[in-house]
Structures are given as C-alpha cells and as structure tokens.
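> sharing a model that was predicted from the sequence below.
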Amino acid sequence: MLEALIPYIKPPEKLIADLPVIGPLKLQVFGPLVAVGVILGYHRCLAFAKKRDMDEFVARDLMFYILITGFVISHWVSVLFYFPEDVARNPAVLLMIWNGLSSVGGFFGALVGFFWYLRKMKQPYLIWADMLVFGLLVGFTLGRLGCALVHDHPGAIVDPSHPLAVGPWPGGEYRFDNGLLEFMYLVPIVLFVHFVFGWAKSAPGRIAGLTCLLYAPFRFTLDFMREKDKLYFGLTTAHYATMIILAIGVYLLFIRKPTPADFAYAKDSERIARERAEAEAKNAAPAAT
C-alpha cells in the first residue's frame, strides 16, 4: 500500500501559561504567521489605495474596524455554529478570540465593520471592497499556511494512497488537511490578482467579484471534505455562505455595470490639497492682522 505523499509535520509549540477560565496560552507558529499576514495585507491595501488615489486616512481607519469585527465574529461563528457543545460547557470560550476562527465568519464579520464605517463616511462601497480584498488575499493566504502547519482543520479520513492524503496523524490515520489544501489553492489566486490581473485600472468591484467567483466553488467543495461538522439540512454553515459569495461574484463580474458614483470616493490628492490650503490660510491670517 502506498504511503501518503504529504507527511504530517507538527512544528514545536510552547505552553506560556495555563490560566483559569481562559485556559492554556500557547506560543505556536500560527500566531506569528497571522500577524505577518495582517501586516503584509495592510501594506498591500495601502499600496492599492496609493495607486488609485484613495484617501489614506479613510483606508487606515477602515482596515482597523474590519480587523476588529472580522476577528471577533470569525471566532463567534466558529464556536457557535461548529462547536456549540464547547460554548455550552464553557461560555467563556466566546471571549477566547485566539481559540478557533472561521474564514467564512471572518468575511461576514469584516462586512459588518465595512458597511458601518463606509456608510458613516458616505463612501461608495466597491472601490474600498477591492482594496480590502487585494490585501486580504495576502493575509488570508498566510493565515491558511499557519492553519496547515498546526493542522487545526483536519479533514475526513482517507486511504494513505490518496494523492492528497496527509499523515500519519497522531492517531495513526491519514486525512485531508483542509488548511493545507486551501493554502495551496489560494497561492495561485494571489499571484494572479497581484501580478497578472490589471488591478491598477480595473473597474470598481471587479477584484472583489473575481475573488468571490474563484474562491466560492473551491470552498463549497472543500467543506464536503471536513472531518465532522454541524449540518443544517445536510450542509454546513460555510456551504450556505459560499453560495452567497458565489452569487456576489457573478453579480459584480457579469451583471453590475460601473456608475459615476463608484468613482466618487475620497481622494488622497484632494485631501492633501485641502490640508495645504488650510495651512496656508492659517499662516497668512497673522500677517493680515
């Protein structure tokens, strides 16, 4: 019988503290990779904003709000929909943001902060969505690499001869590693969007639509390869979410046409010119008196 082509490799981890209520705090490779992903994604967002003359201050504030809502709601979706028994046993798990994240929950959590902030600032949505997706692809891919290294998304048990089998796992079985599979799929998407697709001149909404269209079918298929999940009418929460994501991708790419309002976003050049004019007026005021 053939052995798995992909070995199960577990990087070392260190227990920092075992705190009451909160539980164990561990130093793992996952945390640093997520942090690096957030930093790189942040800078790629700013690079996009600079290229498209988008207000840098709005860009920075928007990223702050979506990071907060994205991480918090990502964790809540993970524990409430996938591991409700953990919440019943220890409700404090809802506060352990570092302990379990749902990618789909993160997307929808980010949308909460996204719509709230842009509505408050009276900004069009699509160009800012493109900016965020552009950077998110980098951060999310590195996060999935972290998932692959700590093996926190074990898939279904498979025969060791399967070309995508990973193992042996600690129990001796061979499985799909869904974090690794998603990472492998995301890498070419990131390379295509950043280095092939004409993102610097694309119509607002095109990057977001393309990413939704590429990601949703793969994620829908991947959820059939999970080890176990809470099912709702035979499908997981992510299955229903990816249907919505696919519909958004189809709408943005093939149905919706750009409008003048899509380009009426806060411009960095206008903000700089306004600030310069205000500074000159302020400096000229004492001389006039």
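Everything's here; your move.
> which stretches of the stretch 1-150 of the chain form helices?
30-51, 56-77, 84-89, 103-120, 126-150 (DSSP state H, counting those that start in this stretch).
> helices or strands up against the strand or helix carrying residue 212?
Using DSSP states H and E, residue 212 sits within helix 206-222. On a contact count with 3 or more CB pairs under 8 Å, 6 or more residues apart in numbering; DSSP states H and E, helix 206-222 meets helix 126-150, helix 178-195, helix 237-250. Quick note: C-beta positions are derived from backbone N, CA and C, even for glycine.
> how much space between residue 277 and residue 57?
17 Å (CB to CB, to the nearest Å).
> just to revisit the earlier point, so which of the helices and strands packed on helix 206-222 comes closest to residue 162?
Nearest to residue 162, of all those, is helix 178-195, at 11.9 Å by CB to CB.
> just want the angle from the closest one to helix 126-150.
Using axes from the mean of the first three to the mean of the last three CA atoms, to 10 degrees, the direction of helix 178-195 lies 140 degrees away from that of helix 126-150.
> how far off centre is helix 178-195?
12 Å (CA atoms, centre = their mean, to the nearest Å).
> can you name every helix or strand that it contacts?
Short answer (3+ CB pairs under 8 Å, 6+ apart): helix 178-195 packs on helix 126-150, strand 154-157, helix 206-222.
> try it again with 6 Å
When contacts are defined as 3 or more CB pairs under 6 Å, 6 or more residues apart in numbering; DSSP states H and E, helix 178-195 packs onto helix 126-150, helix 206-222.
> flag every buried residue along it.
178-186, 189-190, 193-194 (16 or more other CB atoms under 10 Å).
> include distance to residue 128 and pLDDT when you put those into JSON lines, please.
Shown next, in JSON lines, are these (distance: CB to CB, whole Å; pLDDT from 0 to 100):
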{"residue": "178", "distance to residue 128": "30", "pLDDT": "94"}
{"residue": "179", "distance to residue 128": "29", "pLDDT": "93"}
{"residue": "180", "distance to residue 128": "32", "pLDDT": "95"}
{"residue": "181", "distance to residue 128": "30", "pLDDT": "96"}
{"residue": "182", "distance to residue 128": "25", "pLDDT": "96"}
{"residue": "183", "distance to residue 128": "26", "pLDDT": "96"}
{"residue": "184", "distance to residue 128": "29", "pLDDT": "96"}
{"residue": "185", "distance to residue 128": "26", "pLDDT": "97"}
{"residue": "186", "distance to residue 128": "22", "pLDDT": "97"}
{"residue": "189", "distance to residue 128": "20", "pLDDT": "97"}
{"residue": "190", "distance to residue 128": "20", "pLDDT": "97"}
{"residue": "193", "distance to residue 128": "16", "pLDDT": "97"}
{"residue": "194", "distance to residue 128": "18", "pLDDT": "97"}
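> before I go, just wanted to say thanks for your time.
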